[in-house]
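Colleague: Fold the following.
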Amino acid sequence: MKHYLFTLILTGAVTFVLTWVVWRVSMRYKLYPGIRERDVHKNPTPRLGGVAMFLGVLTAFALSSVVPYFQIIWIKPTQIAAILTATLLIVVVGVADDLWDLDWFLKLGAQFLVAGIVVGPGGVQIYYLPFEGMTYVSGWVSVTVSVLLIVVVMNAVNFIDGLDGLVAGVALIANGVFFAYTYMLTRDLEYTTYSNLAAFIAIVLVGVCVGFLPFNWNPARLFMGDGGALMVGLLMAVSALLVTGSLPPQTLVDNDQFGRSQLLGAFIPVILPAAVVMLPLLDFGMAVIRRMSKGKSPFSPDRKHLHHRMLDMGHSDRDAVLIFYAWTAVVSLSVLLMYIGTTARWPGLYWPGVGFFLIGAAACLVVTLLPSRGLPRRSARARTPAPERKSTP
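Modeller: Below you'll find the model as predicted:
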């Protein structure tokens, strides 16, 4: 655990310093777009935070290559090369869009190219799906499912990037829970080492978000932009694929550590990755249906995302962000507790995990809907419809 803790601290510190450098350079050379009618922020704000975040990720991977504890994740160097190449490409495309507003079709094509690099020869794929207990998939089915998963998660994360600190905080919580899951999974399956690539990517993302969030908290001095949001989504999808793609669900069922709820234990590798991106996926699905029902492109901008609706209900920017944090924590921690309850170590946590979800979801729902019940509006801006910050979802 100390190696992961050191990675988190180091990645956070490096990202913090790099974010400050990117912010200073961006302000000095005016590397930011002008204020548009639909923008929420009032002052010109750079959108190049994704550059600093990517350099933080790159630093963490570079240092891991010389740490003996992490040598196991470098057993497949082509896999790491594919992941980092894809990450670099999506950051470049995202930064270009932040500066020049690329056509949505071009960006979508780049996303499929990036996903293809990840799942290509020597890359990462999903091999098991929860159909009829467990279904092994291979060939074009595996490639297709993996590519679609990566593209969907990238866009889902990018869609919620509309309020200061929203994506960074949600990703911090989600990846923190996912790291805890992957770490405990290696313990419960009695692997010879706790070191694995899925856990490493999760903790690196936590560190990156910790280092970036101080500059992105309301009022933000720097946005992560499409470059940062797409990168976070890509790496979250990759870490999920690394678990679902390399660990057959039947492994969990057959292992002696799992008792009471074998079905949940078997499908946790699929359930938990979905749970940690539940809100982005929900917003993404609603946006696609909403736009296509009106005959528009699913990537055309609008201001009907979940966070925009919360502002219209009367929540301030910070309150809306904190509510998103709460929903993310309740959903992901509930599934984690239920997973722990399927093991022989802590069998009593299964039903408390269910109870935690029900109580937590009810509390979050009340807080979410509270402003619509006649409470005073939080801010002057909240009394009018909040325009969309970004040109792309």
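Colleague: neighbours of F356, just the number please.
Modeller: 17 (other C-beta atoms under 10 Å). No exception for glycine: its C-beta is placed from N, CA and C like everyone else's.
Colleague: can you start the count at 311 instead of 1 from here on
Modeller: Yes, from this point I'll number from 311; that puts the last item at F666.
Colleague: And the pLDDT at it?
Modeller: F666 carries a pLDDT value of 90.
Colleague: so which helix or strand takes in the closest residue in space to it that isn't next to it in sequence?
Modeller: Excluding its sequence neighbours, the residue lying closest to F666 (C-beta to C-beta, 6 or more residues apart in numbering) is S644, at 5.2 Å. Here S644 is covered by helix 627-651, with elements defined by DSSP states H and E.
Colleague: Now do that helix: which elements does it pack against?
Modeller: Counting contacts by 3 or more C-beta pairs under 8 Å, 6 or more residues apart in numbering; DSSP states H and E, helix 627-651 packs against helix 476-498, helix 572-586, helix 588-603, helix 616-623, helix 660-679.
Colleague: Output the ones you listed in TSV, with distance to F380 appended to each entry.
Modeller: Below are the helices and strands packed on helix 627-651 laid out as TSV (distance: least, C-beta to C-beta, whole Å):
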stretch	distance to F380
helix 476-498	14
helix 572-586	22
helix 588-603	29
helix 616-623	36
helix 660-679	31
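Colleague: just to revisit the earlier point, next, the angle helix 476-498 makes with the helix holding S644.
Modeller: On the basis of axes from the mean of the first three to the mean of the last three C-alpha atoms, to 10 degrees, helix 627-651 is oriented at 10 degrees to helix 476-498.
Colleague: Show me which residues of stretch 632-641 are buried.
Modeller: In terms of neighbour count (16 or more other C-beta atoms under 10 Å), stretch 632-641 has its buried residues at 632-641.
Colleague: Out of those residues, which two are the most distant from each other?
Modeller: Farthest pair in these (C-beta to C-beta) is L632 and V641. Separation: 15.3 Å.
Colleague: average pLDDT across stretch 519-530?
Modeller: Here the average pLDDT along stretch 519-530 is 95.
Colleague: I figured T395 was touching I427, is that so?
Modeller: Yes. Contact status for T395 versus I427: in contact at 5.7 Å, counting by C-beta atoms under 8 Å.
Colleague: higher neighbour count, these two?
Modeller: I427 (20 against 15).
Colleague: Name the nearest residue to the more buried one, sequence neighbours excluded.
Modeller: In space, I427 is closest to A396, 4.3 Å off (C-beta to C-beta, 6+ apart).
Colleague: So for the one you found, what pLDDT did the model give?
Modeller: A396 is given a pLDDT of 97.
Colleague: any idea how far it lies from V542?
Modeller: Using C-beta to C-beta, to the nearest Å, we find A396 at a distance of 13 Å from V542.
Colleague: What of V428?
Modeller: 15 Å.
Colleague: how near is T554 to A466?
Modeller: In terms of C-beta to C-beta, T554 sits 17 Å off from A466.
Colleague: Neighbour count for the two, which is higher?
Modeller: Between T554 and A466, counted using other C-beta under 10 Å, the more crowded position is T554 (28 against 24).
Colleague: Verify the contact between that one and Q435 for me.
Modeller: No. Using C-beta under 8 Å, T554 is not in contact with Q435; the gap is 9.4 Å.
Colleague: from the middle of its chain, how far away would stretch 517-537 be?
Modeller: In terms of C-alpha atoms, centre = their mean, to the nearest Å, the centre of stretch 517-537 is found 14 Å from the chain centre.
Colleague: What is the helix or strand containing L551 packed up against?
Modeller: Here L551 sits within helix 535-556, counting by DSSP H and E. Where contact means 3+ C-beta pairs under 8 Å, 6+ apart, helix 535-556 is packed against helix 359-374, helix 387-410, helix 414-429, helix 449-469, helix 476-498, helix 507-526, helix 572-586.
Colleague: Could you export it as PDB, CA atoms only?
Modeller: This file holds the C-alpha atoms of helix 535-556, laid out as PDB (Å, rounded to 0.1, in the frame of the first residue of the first chain):
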ATOM      1  CA  GLY A 535     -11.100  21.200 -21.200                       C
ATOM      2  CA  ASP A 536     -11.800  18.400 -23.500                       C
ATOM      3  CA  GLY A 537      -8.200  17.300 -23.400                       C
ATOM      4  CA  GLY A 538      -8.500  16.600 -19.700                       C
ATOM      5  CA  ALA A 539     -12.000  15.200 -19.600                       C
ATOM      6  CA  LEU A 540     -11.500  12.800 -22.500                       C
ATOM      7  CA  MET A 541      -8.200  11.700 -21.000                       C
ATOM      8  CA  VAL A 542      -9.900  10.900 -17.600                       C
ATOM      9  CA  GLY A 543     -12.700   9.000 -19.400                       C
ATOM     10  CA  LEU A 544     -10.200   7.100 -21.500                       C
ATOM     11  CA  LEU A 545      -8.100   6.000 -18.500                       C
ATOM     12  CA  MET A 546     -11.200   5.100 -16.400                       C
ATOM     13  CA  ALA A 547     -12.500   2.900 -19.300                       C
ATOM     14  CA  VAL A 548      -9.000   1.300 -19.600                       C
ATOM     15  CA  SER A 549      -8.800   0.500 -15.900                       C
ATOM     16  CA  ALA A 550     -12.300  -1.100 -16.100                       C
ATOM     17  CA  LEU A 551     -11.300  -3.200 -19.100                       C
ATOM     18  CA  LEU A 552      -8.100  -4.400 -17.400                       C
ATOM     19  CA  VAL A 553     -10.300  -5.900 -14.700                       C
ATOM     20  CA  THR A 554     -13.200  -7.200 -16.800                       C
ATOM     21  CA  GLY A 555     -10.900  -8.300 -19.600                       C
ATOM     22  CA  SER A 556      -8.400 -10.300 -17.500                       C
END
